[in-house]
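> below is the structure, and that's it, no one-letter string:
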């Protein structure tokens, strides 16, 4: 990382990223990093004071690819296109079927001392030693594993605040004090930085788990749903709000919601028929298809295409819904489209854009809760509602710090793995890591090659306008597709539609199950 920073400075491509105040103005950086600062808790957690000159780094972990593997990716935000795979460092790879705390602990044992040394020693920028501001990123499950959190099923599922999952009699005291994910308005209590700093904390028992307390609320307050030792230091304010996975999750949720509305109005069989019509529409009119390595969902680019053409989905719903539900569903897509692009935008937002984004997120979640009361607020939707605008206001952008680099490296790693086939997946992973390490070059000549060399073309200058332009889809030659490939695509669409209907039907049956459970207890 020091080599990368020095090369950027030598090529005059090092970009200052500032921390912004409530009015959107950069906080002046007036002090330098010294050895005395390394004893500060903020420095140990990767969150130095805002007036300290710093270097913004992301450290992300996520599972993906085929065969699946966990990857640790380090990114330097103070450059152009920080999420480009060429501008990131693949620090570790571990073949795995699922993310396990003990396996991730073994994977990070050699990296944690280097991270600690980086936080305590800082980086040299133009002869000045600066502090390191560390941003943990990745998907929600990976962040929970690294930080020792129990996950989405925990009493306090949010990684950044102490909000509880849903109102309950068992945790009524905590619900009143810290609010729940289902509460749209209200000030949240952020977690303390000491909880994620690899320090000793109250209630820690054998095996890194927390114990203590007689009542359920006391036991919960002993560990706050963080029951294992965090594997990496983190400050809750700097945990990235996963813009890519929020985009994937919300788009998928709105597609499921369409089937839920049909089931609500016309019954289960009508919902199944609609799910199959929706799958055909997404393939034929929108031009997207689910991909297996995203769990049968859609990639980020396809999510934006679906959002841009959401009117086709609303039109498909018109015969199956009442006017009330149809209007409400169409308005949900309209609100989501207003915040979808700012969420992943890499440009620094103005104070007015942050205020608009905050208002849009509140309006979106409020509308979902009011118009579709059977839907609950998930941890990802809670991050969007309560923490995305705060992150954007403090650091200017969410997309700059997002997990796109990890997802891009999944694809690059999969392409390279074919060249290094060995007797085991671990040996293949080691060979790919060696090749990528040797290929990475942080020299000035490499930076100049990828740096800006000319001005961008004028807006719409390259649009395909002539009737015979082969860049237009209707003028391209149709590539023949084999019957076997068509059959497989059809089976995939049908499976996606069946899974979509099953998920929607299960959600619609959940209130009845809860009512029966309460009746049995009485």
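Yes, it's here. Everything numeric in this text was worked out from a predicted model, so none of it was measured.
> use CA for all of it now, contacts and neighbours both
Noted.
> so where's the stretch 251-400 of the chain shaky on pLDDT?
For the stretch 251-400 of the chain, applying pLDDT under 70 flags the ranges 292-296.
> go on, the chain?
In the chain (pLDDT under 70), the answer is 35-39, 198-214, 292-296, 439-457, 459-467, 473, 512, 514-519, 521-522.
> not counting its neighbours along the chain, what's nearest the residue positioned nearest the centre of it?
Central residue of the chain (CA atoms, centre = their mean): residue 242, 2.2 Å from the mean position. Of all residues not flanking residue 242 in the chain, residue 402 sits nearest, at 5.7 Å (CA to CA, 6 or more residues apart in numbering).
> which residues does that neighbour contact?
83, 137, 138, 240, 241, 242, 243, 244, 344 (CA atoms under 8 Å, 6 or more residues apart in numbering).
> apply 7 Å and report the result again.
Contacts for residue 402 (CA atoms under 7 Å, 6 or more residues apart in numbering) come out as 137, 240, 242, 243, 244.
> the residue nearest to the centre of the chain contacts residue 401, correct?
No - taking contacts as CA atoms under 7 Å, residue 242 lies outside contact range of residue 401: 8.5 Å.
> spell out which residues make up each domain of this structure.
What automatic domain parsing lists as the domains of the chain is 2-138+422-446, 148-230, 243-400.
> may I see the ones you listed arranged in a markdown table, with distance to residue 476 and mean neighbour count as well?
What follows is the domains of the chain, written out as a markdown table (distance: least, CA to CA, whole Å; neighbours: other CA atoms under 10 Å):
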| stretch | distance to residue 476 | mean neighbour count |
| --- | --- | --- |
| domain 2-138+422-446 | 30 | 18 |
| domain 148-230 | 46 | 18 |
| domain 243-400 | 15 | 19 |
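> which of those domains sits closest to residue 481?
Set against residue 481 and scored by CA to CA, those come closest in domain 243-400, at 15.0 Å.
> from the middle of its chain, how far away would the closest one be?
15 Å (CA atoms, centre = their mean, to the nearest Å).
> for the residue nearest to residue 242, give me phi and psi.
Dihedral pair for residue 402: phi -70, psi -180, per degrees, to the nearest 10.
> now do residue 193
With angles defined as degrees, to the nearest 10, residue 193 sits at phi -70, psi -30.
> looking at the domains of the chain, which is nearest to residue 477?
Closest to residue 477 of the domains of the chain, according to CA to CA: domain 243-400, at 16.7 Å.
> ends of the closest one, what's the gap?
This stretch, domain 243-400, spans 10 Å end to end (CA to CA, to the nearest Å).
> residue ranges for the helices of the stretch 251-400 of the chain, please.
Counting by DSSP state H, counting those that start in this stretch, the stretch 251-400 of the chain has helices at residues 268-281, 300-308, 310-317, 323-344, 351-371, 379-382, 388-395.
> okay if I get these as a markdown table plus distance to residue 71?
A markdown table is the format used below for the helices of the stretch 251-400 of the chain (distance: least, CA to CA, whole Å):
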| stretch | distance to residue 71 |
| --- | --- |
| helix 268-281 | 32 |
| helix 300-308 | 19 |
| helix 310-317 | 34 |
| helix 323-344 | 22 |
| helix 351-371 | 31 |
| helix 379-382 | 22 |
| helix 388-395 | 25 |
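> looking at the ones you listed, which is nearest to residue 186?
Each of those has some distance to residue 186 by CA to CA; the shortest is helix 351-371, at 11.2 Å.
> tell me the angle the closest one makes with helix 323-344.
If you take axes from the mean of the first three to the mean of the last three CA atoms, to 10 degrees, helix 351-371 sits at 150 degrees to helix 323-344.
> ok, back up a step: for residue 399, see how far away the residue nearest to the centre of the chain is.
Going from residue 242 to residue 399 by CA to CA gives 9 Å.
> kindly report the same for residue 301.
Counting by CA to CA, the gap between residue 301 and residue 399 amounts to 14 Å.
> of the domains of the chain, which is nearest residue 502?
Closest among those, once you apply CA to CA, is domain 243-400, at 8.4 Å.
> nearest to residue 479, out of the domains of the chain?
Residue 479 lies closest, by CA to CA, to one member of the domains of the chain: domain 243-400, at 15.4 Å.
> quick one on the thing from earlier: make CSV out of the domains of the chain and add distance to residue 505.
Below are these laid out as CSV (distance: least, CA to CA, whole Å):
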stretch, distance to residue 505
domain 2-138+422-446, 27
domain 148-230, 21
domain 243-400, 7
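> nearest to residue 482, of those?
Distance to residue 482, taken as CA to CA, is lowest for domain 243-400 among the domains of the chain, at 17.1 Å.
> among the contacts of residue 402, name the ones in strands.
Counting by DSSP state E, the part of those found in strands is residue 137.
> buried stuff in the biggest helix by length in the chain?
Criterion DSSP state H: the longest helix present in the chain is helix 483-521. Within helix 483-521, the residues that count as buried by 16 or more other CA atoms under 10 Å are 492-494, 496-502, 504-505, 507-508.
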